[in-house]
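Novice: Generate coordinates for the sequence data below:
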Amino acid sequence: MATILFSVILVILSSSVVSFARLDPLDANDGIPKYLHVCDPSRFKSLGLDMAEFAFCNKSLSFEVRAKDLVDRLTSVEKAQQMGDHNSTDLPRLGLPGYRWWSEALHGVAEVGSNPVTHFDSVVPGATSFPNVILTAASFNQTLWKTIGKVVSTEARAMYNLGRAGLTFWSPNINVVRDPRWGRTLETPGEDPYVVGLYAVNFVRGLQDIEGQENTGDPNSRPLKVSACCKHFASYDIENYLGLDRLHYDAKVSEQDMVETFNLPFEMCVKEGDVSSVMCSYNRVNGIPTCADAYLLKKLVRKDWNLHGYIVSDCDSINEIVNSHKWLKDSGEDASAHTLKAGLDLDCGEYYTRFLPNAVMQGKVKEAAMDKAIKYLYVVLMRLGFFDGIPSLAKLGKKDICSKENTELAAEAAREGIVLLKNENEALPLDPAKFKSQALIGPHANATKAMIGNYEGVPCKFISPIEGFSAFGKVTYEKGCNDIKCNNDSFIKPAVNVAKNADATVLFVGLDLSVEAEWVDREDLLLPGYQTHLVNQVAAASKGPVILVVMTAGAVDISFAKINPKIQSILWVGYPGEQGGRSIAEVVFGKYNPGGRLPLTWYEADYVDKLPMTSMALRPVDKYPGRTYKFFNGSTVYPFGYGLSYTSFKYEHKPKEITFDIKLNRLQHCHGLPYKDGAPKQDCHSVSVDDLSCNYEINLEIKVQNVGQKDGSDVVMVYSVPPEGLQGTPIKQLVGFERVYLHAKESKTVKFALNACKSLNIVDVSGYRLLPSGLHKIVVGDLSIPVKVNYKR
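Specialist: Residues are numbered from 1 along each chain as shown. Here you go, the predicted model:
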């Protein structure tokens, strides 16, 4: 009887669902809200209410007190309604509008899902679409990452003011690319957890921070420009591998890999980025669904890392716990109770709305747990100005969307990320005075939508490769393939004929969302269909130089092109965003000198035959090879961090001895480490970094000289190499990087201040972070700098 009663109440409440994150009443002419925040006295008056009666609108009180006042006014059914994104309702008796939480801003304000909160129309026809994250990451430019976040949040906030967007954006995706087949590689910053974490910190700070209010005494009261969300926690990187999909997958992960690789970007995002939301993933980790794992959510994210915000499920995850994982044979009430007690505050789905009231009635979970979760939600909305407004952001509008400055930044992001993989005999850059006619050939030669990948919005304006190259001369176009899968070779002959007469030939090949995407993992590392045949036949027939442009996220084995002398130059351009065609052309014709570096290892094709995607271990296991540059020492097509330039750079460092003699007290104990047979052992193998003061700093001054004839950018990459003889350690690991621009023949000194505990630590099989004793190395290019760690009593 109770179940029927609650169902009737829910149906009644659902009739007042608000479709968008807008405040009533709306301007009937163009849908622009009359009120931009809840606690406006005139708004309450228009609703027949006195705002003074509601303490949650009293600005003199703390957000925590105001949120408690609001929650205390709700029934258990109303609370459940506010905890489900799909069914958030307005509450007229409180003057409280419903709020829809899901919006996306992965590489620009996006329009996703059915009946999306964020949407485009005649009022806001588009927003700036930056390159997909994998290409932006290749710039290795932290300032750029943060600046893009600032621009995206400005456009998002302007769209909110115009009634076309929400305030909470479930971006970025910071899962590490463990396997080159993963379909969502385009959304991520790559394979290195440190790089992924730094990207998260900078992009999140760009999205959330309001200038001058980046830090406050109470982080839970710090104003937010928009709210970001780091996802998908944890160990998520399979879409649909040989019939095993993400909704059913149980990732078997060691504590060593969790601490060292899978958790690190999220820890950095919460601790250093102060992100206001974390999303749990669909999969299980070691048998437990992540959204029901109290250790992951309540212990790590909420307590240890000190999240100031809320935890949300990936959409319909609770439903998948019940119907896909069939975990503990849970009912809807059981699963909702388990996830709430584990620390899940918001359900992107309908389970909390449907089942939490009954779960409370049945004694499966305390209503106080609902109260705590909703407080987290409302405090974030208060920080966003949803209740009080933020005056400094109120004037943002159409002029701030798709501005000339924003589209120029999109072009610059693509230029900075593009990686030059091959350039025999300095074939590039092309001189437009000499190469007046160009043959543009291939399935991406006229790309538009493919350039913006997924989680996309409507761009301000596409510039295709054809349009971009047309600015430098006459373009003749042949597609060469019917589509990206290139299932027949009937289009190759016309392409060959065009190449015979052009001064230069530019081939555009690669992948798209039909091959690598959410729900779509790759089967191999090859160019699809007849693309390889297209490249080889066109290259053989071309009159002039041949440039191969590879538009992909994930690695492809293009060894055939690497060794083909007819293909003088190769560029990897990721998915370069709305300005991609222009940026590629400017690199080819020398208006910009490429300086990007690969954020992924490009394995040879047979790599994926050696291990299944389901092998989660990063280190070599039995017959399986290691993963990522940190643990794979086999041959590659191109290694992580690879990238050429039209100029050359030289590094210098004044040699000096760096030694840390660390005296241990009686409470600081040594940890044993496994050594290789015959390797010399230290008396004290290592000490936990948690037991050390960790005020040991490695100060480096690297002189970078541009020894070539062209201006250009170089990415100075700093690696640490652990002492020889230790087993199971990374081959090397990136601990710092800096992008520096130098005029021809110019020199600059780049300084790095590396904390020894952070830069020299390793993670052992038990999950401890340890600082080993012995001779470490800091490697920068061809420089090797010794750093010795000694422990003494």
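Novice: hey, let's count contacts and neighbours off CA atoms from now on
Specialist: Fine.
Novice: what element comes up after the helix of greatest length in the chain heading to the C-terminus?
Specialist: Of all the segments of type helix in the chain, defined by DSSP state H, the longest one is helix 142-161. Sequence-wise, the next helix or strand downstream of helix 142-161 (DSSP states H and E) is helix 193-208.
Novice: who touches the helix or strand just after that following helix?
Specialist: Reading on from helix 193-208 to the C-terminus, the next helix or strand found by DSSP H and E is strand 230-233. With Cα atoms under 8 Å, 6 or more residues apart in numbering as the test, strand 230-233 has contacts from 170-175, 200, 263, 266, 269, 275, 277-281, 290, 314.
Novice: any idea which helix or strand comes after strand 230-233?
Specialist: By DSSP H and E, the next helix or strand past strand 230-233 is strand 240-241.
Novice: Whichever helix or strand comes after that following strand pairs with which strands, and in what direction?
Specialist: Beyond strand 240-241 on the C-terminal side, the first helix or strand identified by DSSP H and E is strand 244-245. Applying DSSP bridges, strand 244-245 is found paired with strand 240-241 (antiparallel).
Novice: per-residue pLDDT, His86?
Specialist: Note for His86: predicted pLDDT of 75.
Novice: How many neighbouring residues does it have?
Specialist: His86 has 22 neighbouring residues, counting by other Cα atoms under 10 Å.
Novice: ok, it to Leu167 distance?
Specialist: His86 is 16 Å from Leu167, where distance means Cα to Cα, to the nearest Å.
Novice: part of a strand, is Val779?
Specialist: Yes. Assigned with DSSP: H, G, I helix; E, B strand; the rest coil, Val779 falls within a strand.
Novice: Can you report how many residues neighbour it?
Specialist: Val779, neighbours per other Cα under 10 Å, totals 19.
Novice: what's the answer for Tyr376, then?
Specialist: 23.
Novice: Report the buried residues of the helix or strand where it lies.
Specialist: According to DSSP H and E, Tyr376 maps onto helix 367-383. Neighbour-count burial for helix 367-383, with 16 or more other Cα atoms under 10 Å as criterion, is recorded at 367, 369-383.
Novice: Over to stretch 522-536?
Specialist: For stretch 522-536, by 16+ other Cα under 10 Å, it's 522-532, 534-536.
Novice: How about stretch 581-593?
Specialist: In stretch 581-593, counting by 16+ other Cα under 10 Å, buried: 581-590, 592-593.
Novice: Quick one: those residues as TSV, columns for secondary structure too.
Specialist: Formatted as TSV, the buried residues of stretch 581-593 follow (three-state DSSP):
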residue	secondary structure
Gly581	helix
Arg582	helix
Ser583	helix
Ile584	helix
Ala585	helix
Glu586	helix
Val587	helix
Val588	helix
Phe589	coil
Gly590	coil
Tyr592	coil
Asn593	coil
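Novice: what about stretch 723-738, how long is it end to end?
Specialist: 25 Å.
Novice: Give me the contact list for it.
Specialist: Under Cα under 8 Å, 6+ apart, the answer for stretch 723-738 is 140-141, 192, 194, 619, 629-631, 633, 673-676, 679-681, 715-722, 750, 752, 754, 759, 762-763, 772-777.
Novice: Poorly predicted segments of this structure, please.
Specialist: 1-29 (pLDDT under 70).
Novice: 50 instead, please
Specialist: 1-22, 25-28 (pLDDT under 50).
Novice: all helices of the stretch 251-400 of the chain, in order?
Specialist: 255-257, 264-271, 294, 317-323, 332-342, 351-361, 367-383 (DSSP state H, counting those that start in this stretch).
Novice: now these as CSV including distance to Gly510?
Specialist: Formatted as CSV, those follow (distance: least, Cα to Cα, whole Å):
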stretch, distance to Gly510
helix 255-257, 32
helix 264-271, 29
helix 294, 42
helix 317-323, 33
helix 332-342, 41
helix 351-361, 41
helix 367-383, 41
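Novice: Of all these, which one is nearest Ser569?
Specialist: helix 264-271 (34.5 Å; Cα to Cα).
Novice: Just the C-alphas of the closest one, formatted as PDB.
Specialist: Extracted in PDB, the C-alpha atoms of helix 264-271 (Å, rounded to 0.1, in the frame of the first residue of the first chain):
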ATOM      1  CA  LEU A 264      46.200   9.900  -9.700                       C
ATOM      2  CA  PRO A 265      44.400  12.300 -12.200                       C
ATOM      3  CA  PHE A 266      41.300  12.300 -10.000                       C
ATOM      4  CA  GLU A 267      43.300  13.000  -6.800                       C
ATOM      5  CA  MET A 268      45.000  15.900  -8.600                       C
ATOM      6  CA  CYS A 269      41.700  17.200  -9.900                       C
ATOM      7  CA  VAL A 270      40.100  17.200  -6.500                       C
ATOM      8  CA  LYS A 271      43.100  18.400  -4.400                       C
END
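Novice: Narrow the contacts of stretch 723-738 to those that are buried.
Specialist: 140-141, 192, 194, 619, 629-631, 673, 675, 681, 715-722, 752, 754, 759, 762-763, 772-777.
Novice: So which of those residues belong to strands?
Specialist: Among those, the residues falling in strands (DSSP state E) are 715-721, 752, 754, 762-763, 772, 774-777.
Novice: Gly641 contacts Arg597, correct?
Specialist: Yes. Using Cα atoms under 8 Å, Gly641 is in contact with Arg597, at 4.9 Å.
Novice: more crowded one of these two?
Specialist: Between Gly641 and Arg597, counted using other Cα under 10 Å, the more crowded position is Arg597 (27 against 18).
Novice: Contacts only, for that one.
Specialist: 138-140, 417-419, 640-644, 715.
Novice: As JSON lines, these with secondary structure and distance to Phe387 would be great.
Specialist: Formatted as JSON lines, the contacts of Arg597 follow (DSSP: H, G, I helix; E, B strand; the rest coil; distance: Cα to Cα, whole Å):
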{"residue": "Ala138", "secondary structure": "coil", "distance to Phe387": "39"}
{"residue": "Ser139", "secondary structure": "coil", "distance to Phe387": "38"}
{"residue": "Phe140", "secondary structure": "coil", "distance to Phe387": "38"}
{"residue": "Gly417", "secondary structure": "helix", "distance to Phe387": "40"}
{"residue": "Ile418", "secondary structure": "coil", "distance to Phe387": "43"}
{"residue": "Val419", "secondary structure": "strand", "distance to Phe387": "46"}
{"residue": "Phe640", "secondary structure": "coil", "distance to Phe387": "46"}
{"residue": "Gly641", "secondary structure": "coil", "distance to Phe387": "46"}
{"residue": "Tyr642", "secondary structure": "coil", "distance to Phe387": "49"}
{"residue": "Gly643", "secondary structure": "coil", "distance to Phe387": "48"}
{"residue": "Leu644", "secondary structure": "strand", "distance to Phe387": "51"}
{"residue": "Val715", "secondary structure": "strand", "distance to Phe387": "44"}
